[in-house]
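Participant: Kindly return the folded structure for what I paste below:
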Amino acid sequence: MPDGNLIYFAYGSNMCPEQMTERCPGGQAIGPAALHNWQFLINIRTYATIEAKLQSTTHGVLWTLTKKHIANLDEYEAVEEEMYYKKKLKVFRKGKPIEALVYIDPICEKGLPDKIYIKNILNGAKFFNLPKDYISQLENEWGG
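Facilitator: Just a heads-up that it's a prediction; the model follows:
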């Protein structure tokens, strides 16, 4: 991996390759990964986030990104406005632990997603072949 590149774990609409091509041109998808003891949810702001929950797993996609890509995502995820904060968490890819940057919205009250937004999440999940039962769970709980 080239110097200065960072590993980013996307679990929401940033799993969608078309969206990431727009936001982080040249960013490379590494592939699926799992974040244990965190649960995916759509909050009352209608966005994806995760909350710590034992026995839960959030599946997502790892990307290798440059510092410029991260700056783009910081802006998009409104980190300065405290809409999302960044945290390094241990995710697992093919059973091996990897430290990855994760964006988390601190608001964990459940809400409903925008139809296009959840469709992007599901498209990304399907594109990267996340576990079928996980995709079904997303479809059943959040629509799509």
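
Participant: May I have the secondary structure class of residue 73?
Facilitator: helix (DSSP: H, G, I helix; E, B strand; the rest coil).

Participant: Under a three-state scheme, what state does residue 107 occupy?
Facilitator: Going by three-state DSSP: residue 107 is coil.

Participant: Give me the mean pLDDT for stretch 51-70.
Facilitator: The average pLDDT for stretch 51-70 rounds to 97.

Participant: buried set for the longest strand seen in the chain?
Facilitator: Secondary structure of the chain per DSSP state E: the longest strand is strand 48-65. If you call a residue buried by 16 or more other Cβ atoms under 10 Å, then strand 48-65 has these buried ones: 48-51, 58-65. (Each C-beta comes from the backbone N, C-alpha and C, glycine too.)

Participant: now stretch 75-95
Facilitator: Buried, per 16+ other Cβ under 10 Å, within stretch 75-95: 76-77, 79, 84, 89, 91, 93.
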